[in-house]
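S.K.: Next come a sequence and a model predicted from it.
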Amino acid sequence: MEKAGKVGTYIRPSTERQDDQHQRDSITRYIDEHDLPQDRVEQYVDIESGSNDEREQFNALLDAIRNDEFDHVIVWEISRISRRGATLQEFFDACEEHGVTIHITDGAVEKVKPDGTGRFVADIVGMVYQQERRQLIRRVKAGVKRAKDQGKWVGNVPAGFRRNDDGYLQPIVEPDDGEDSYFELVDALERLEDGESYRSVAKTLSISRQGLSNIHKDPKRRRWYLNGESDDERVTEALDEVTPENS
């Protein structure tokens, strides 16, 4: 490493479920190999999407760079900084303007120096990540549309229902632990209609009092349970399994 100034490290797992230990290990090895004292290292960690520019720790690091608090920043790979081209360029520009060398422990380019060394390759890598993100978004949108066109349920599954192996909505008749059956929700709403309180009714269910209130106060959703009717064909088909004429 050129000069042993203060170092900032930035870590960001791709999702909340993803472990960031491999990033930490890679950065720690890099620091050890360059004989950098640990007491000169300040760590920044976010658990948010790289497409989100409101990351608290990322913005704190960017502010610190602009305040000339670091000589070096270490990341696992460029995509950890951001998958948005404009944000990545903003980060590169800030480091260049304030004399900060960016070190990438796992990537096509190892360093992006303030004199511009490595910047061209880093820009290309950033463009590749941005294009991958666009393609992923297109695939996800296409998949969601295709599923909806096929009558499959996309998104959060409503109370009293589950999504079957083929992706279609299905009323719960025999609930597992932590589930409420469709008929338990019907009974709960009927009790509310008779004047029983949300609190007392919710005590007999897995659904929260607020969740129960949201269903009861939504006229369209309430019809699913009290009338077995819906304007959504996907719900209507699911309700066909439990309406009296099909029982």
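M.R.: Thanks, I have the structure now. Because the structure is a prediction, the values reported are computed rather than measured.
S.K.: count of residues packed around the residue nearest to W153 when sequence neighbours are not counted?
M.R.: Among residues not flanking W153 along the chain, L169 sits closest, at 4.2 Å (CB to CB, 6 or more residues apart in numbering). Glycine gets a C-beta too; all of them are placed from N, C-alpha and C. Here the neighbour count serves as a burial measure; for L169 (other CB atoms under 10 Å) it reads 21.
S.K.: Could I get the phi/psi values of L169?
M.R.: Backbone geometry at L169, expressed as degrees, to the nearest 10, gives phi -70, psi 140.
S.K.: Show me the beta-bridge partners of it.
M.R.: R163 (DSSP bridges).
S.K.: and it, what does it touch?
M.R.: Contacts for L169 (CB atoms under 8 Å, 6 or more residues apart in numbering) come out as W153, V157, P158, F161, R162, R163, R234, V235, E237, A238.
S.K.: Tell me how this structure divides into domains.
M.R.: Under automatic domain parsing, the residue ranges defining each domain of the chain are 7-136, 161-246.
S.K.: that older thread, which of the contacts of L169 fall in strands?
M.R.: Taking DSSP state E as the definition of strands, the contacts of L169 contribute F161, R162, R163.
S.K.: Pull the number of nearby residues for the first one.
M.R.: So the one you mean is F161. A total of 21 residues lie near F161 under the criterion other CB under 10 Å.
S.K.: One more: the second one?
M.R.: Neighbours of R162 under the rule other CB under 10 Å: 18.
S.K.: Okay, it and R223: tell me how far apart.
M.R.: 20 Å (CB to CB, to the nearest Å).
S.K.: Check the last one too.
M.R.: Counting by CB to CB, the separation of R163 from R223 is 21 Å.
S.K.: and the longest helix along the chain, what does it pack onto?
M.R.: Scanning the chain for the longest helix, with DSSP state H as the assignment, gives helix 119-149. Applying 3 or more CB pairs under 8 Å, 6 or more residues apart in numbering; DSSP states H and E, one finds that helix 119-149 contacts helix 78-81, helix 85-97.
S.K.: Quick one: the helices in this protein, in order.
M.R.: Assigned by DSSP H, the chain shows helices spanning 21-33, 56-66, 78-81, 85-97, 119-149, 182-193, 198-202, 209-216, 219-226, 233-239.
S.K.: and those, which is most packed in?
M.R.: With neighbours taken as mean count of other CB atoms under 10 Å, the helices of the chain reach their highest mean count in helix 78-81, at a mean of 24.
S.K.: quick one, what contacts E190?
M.R.: L226.
S.K.: looking at the protein, which helix or strand is least sure?
M.R.: When each helix and strand of the chain is scored by mean pLDDT, DSSP states H and E, helix 119-149 comes last, with a mean of 74.
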